[in-house]
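Sequence plus predicted model, see below.
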Amino acid sequence: MSKTKSPFLVVNPKSYLYGKESLSLAKEADQVAKDTGLPIIFTCPYADVRLIRENTENIIVCVQSMDPLTPGRGMGHVLPESLKEAGADAVFLNHAENPKTLSDLYKCILRAAELNMTSIVCADSITEARAVACMNPDIVLAEPTDLIGTGHVADDSYTIETIQEVRKVNPDVQIMVASGVSTADDCYNVIRLGADGTGGTSGILNAPSPAERIREMAEAIVRAKEDIS
């Protein structure tokens, strides 16, 4: 199952950052991962994968999506093998901003497993999270779409129920809760409630210092893990 140790933090700049800016934040996240020992998954545009992988040592480099093809025909699609060879360790799938059909999603999960890439699959409801868990990804990201980017975190009952329901379907899959998470306290609470990981986009990028916000979040996750151990 998952190749990522729990708990973990996902830093997801989406397409707000690219090139030098993406690399700069990746290096900051890399240092935090080294200092705290916390696994940090850093997402980046396809074209930045090799740049970031060759200039960092500790982060888990993650791409924003991929297509379920194999080498050969497939002009214009994103070949999983090319991402893996460039240095991608993980892949996001089925994000609200780039959803997949059920068939393609399952094929992508299988392709990720074949290439030893961690699959992080998004679900926008508890029902969808249960369905996704049946496909046996490494990580289910349960996030109500209407909370993404709002700074409003799903209430505790949603997090607790999601974890319970997904565990019934697949006790081995890891569960990430993230939509609306924007502060260190948010991260602490999500991990305290039993999630394996959390992360953010706007909460990090809109902070006075994105690098410091990553550090605060990572340290809060480490504290939460220690407090519930």
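Thanks, I have the structure now.

What residues sit buried inside the helix or strand bottoming out on mean pLDDT in the chain?
For the chain, the helix or strand with the lowest mean confidence is helix 156-169, at a mean of 91 (criterion: mean pLDDT, DSSP states H and E). Residues of helix 156-169 classed as buried: 158, 159, 162, 163, 165, 166 (neighbour count, 16 or more other C-beta atoms under 10 Å). (Each C-beta comes from the backbone N, C-alpha and C, glycine too.)

Below-threshold pLDDT in this protein: ranges please.
1-2, 145-154 (pLDDT under 70).

If you tally nearby residues, what's the number for residue 221?
28 (other C-beta atoms under 10 Å).

Distance to residue 55 added to the buried residues of helix 156-169, as a markdown table?
Converted to a markdown table, the buried residues of helix 156-169 look like this (distance: C-beta to C-beta, whole Å):
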| residue | distance to residue 55 |
| --- | --- |
| 158 | 38 |
| 159 | 35 |
| 162 | 36 |
| 163 | 36 |
| 165 | 40 |
| 166 | 35 |
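
Pull the most distant pair out of those residues.
158 and 166 (12.1 Å; C-beta to C-beta).

which neighbours do the two share?
Residues touching both residue 158 and residue 166 (C-beta atoms under 8 Å, 6 or more residues apart in numbering): residue 126.

What helices and strands are in contact with the next helix-or-strand element following the least confident helix or strand of the chain?
Counting by DSSP states H and E, the next helix or strand C-terminal to helix 156-169 is strand 174-177. Using 3 or more C-beta pairs under 8 Å, 6 or more residues apart in numbering; DSSP states H and E, the elements in contact with strand 174-177 are strand 139-142, helix 156-169, strand 197-200.

all strands of the chain, in order?
8-11, 40-44, 60-63, 90-93, 118-123, 139-142, 174-177, 197-200 (DSSP state E).

In a markdown table: the ones you listed, plus mean neighbour count and distance to residue 34.
Below are the strands of the chain laid out as a markdown table (neighbours: other C-beta atoms under 10 Å; distance: least, C-beta to C-beta, whole Å):
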| stretch | mean neighbour count | distance to residue 34 |
| --- | --- | --- |
| strand 8-11 | 28 | 13 |
| strand 40-44 | 28 | 10 |
| strand 60-63 | 24 | 13 |
| strand 90-93 | 26 | 18 |
| strand 118-123 | 27 | 20 |
| strand 139-142 | 29 | 22 |
| strand 174-177 | 26 | 22 |
| strand 197-200 | 28 | 18 |
